[in-house]
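**Student:** Take this sequence and fold it.
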Amino acid sequence: MDPLAEAKQLFTDALALQGKGDLAQAEPLYRKALQLGPERPSIMNNLAVVCFGLKKHAEAMELCESLLRINPQDLQALLNLGNCQIEVGLVAEALASYEKILKLQPEHTDALNNLGSALVKLQRPQEALSSLEHALVINPRHADALQNHGNALLALGRPGEALASYDRALALQPGRAEVLNSRGNALLELGQPAQAQHCF
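**Tutor:** Have a look, this model is predicted:
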């Protein structure tokens, strides 16, 4: 088989495995595809996502940095890099990665959401709220943005509004543990310990 055709087949097989959540099986297929089709952005970006999912953050960051040397405007690579930077504690650097995306594409909902999440971590909830509200105007059913919107409101001392955001997130993704935990914290602040205990 022609190497590029083989790389394409490996990529397709790896993508199917990744879609099923089988990251450990997808990783070697992406790596082999990358050997046959070096510097293919689609392969490199997907391998970075898989490495991130397998907690191989240093490898994922190297892939993203290689992609950005090829094309500094690769939005997927910037998003993946920012996500890795968050995981390794480089929150300010992640902020810069998300801001680069938004300069290129101001309506990028995942970048707006992740920027909001990073700003909450940096204890800048008012700025976070602005970014997250922008994301939710574009996509009101963005469950992660709803959760982070609740977190920003909770940090601003607005537990009742936070509760409404958590409820909207849970309506989209029932039983999501981190949202239930945050909902419990909001209920504690509202003086409803019995309901909070139910969430926890």
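**Student:** in the longest helix along the chain, what's buried?
**Tutor:** With secondary structure taken from DSSP state H, the chain has its longest helix at helix 3-19. For helix 3-19, the neighbour count (16 or more other C-beta atoms under 10 Å) marks A7, K8, L10, F11, D13, A14, L15, L17, Q18 as buried. Any C-beta I mention is one placed from the backbone N, CA and C, and that applies to glycine too.
**Student:** What of stretch 40-47?
**Tutor:** In stretch 40-47, the ones that count as buried by 16+ other C-beta under 10 Å are R40, I43, M44, N45, N46, L47.
**Student:** For the fourth one, give its distance to G160.
**Tutor:** By that I understand N45. In this view, N45 and G160 are 40 Å apart by C-beta to C-beta, to the nearest Å.
**Student:** swap in the third one?
**Tutor:** Noted for M44: a distance of 45 Å to G160, by C-beta to C-beta.
**Student:** mind listing the strands for this structure?
**Tutor:** Secondary structure of the chain (DSSP state E): no strands located.
**Student:** for it, what are the low-confidence residue spans?
**Tutor:** Residue ranges of the chain with pLDDT under 70: 1.
**Student:** Contacts only, for the closest residue to P3 other than its chain neighbours.
**Tutor:** Nearest non-adjacent residue to P3, counting by C-beta to C-beta, 6 or more residues apart in numbering: L36, 4.5 Å away. Neighbouring residues of L36 by C-beta atoms under 8 Å, 6 or more residues apart in numbering: P3, L4, E6, A7, L10.
**Student:** hmm, try it at 7 Å
**Tutor:** L36 makes contact with P3, L4, E6, A7, according to C-beta atoms under 7 Å, 6 or more residues apart in numbering.
**Student:** so G160 makes contact with L190?
**Tutor:** Yes - with contacts counted by C-beta atoms under 7 Å, G160 reaches L190, the gap being 6.4 Å.
**Student:** Show me which of those two is the more surrounded one.
**Tutor:** L190 (14 against 10; other C-beta atoms under 10 Å).
**Student:** Tell me how far the residue lying closest to the more buried one once chain neighbours are set aside lies from Q192.
**Tutor:** In space, and not counting its chain neighbours, L190 is closest to P159: 5.1 Å by C-beta to C-beta, 6+ apart. Distance check for P159 against Q192: by C-beta to C-beta, it reads 10 Å.
**Student:** Compare those two and say which one has the larger neighbour count.
**Tutor:** A direct count of neighbours by other C-beta under 10 Å for P159 and Q192 places P159 higher, at 21 against 16.
**Student:** I'm done for today, thanks for sticking with me.
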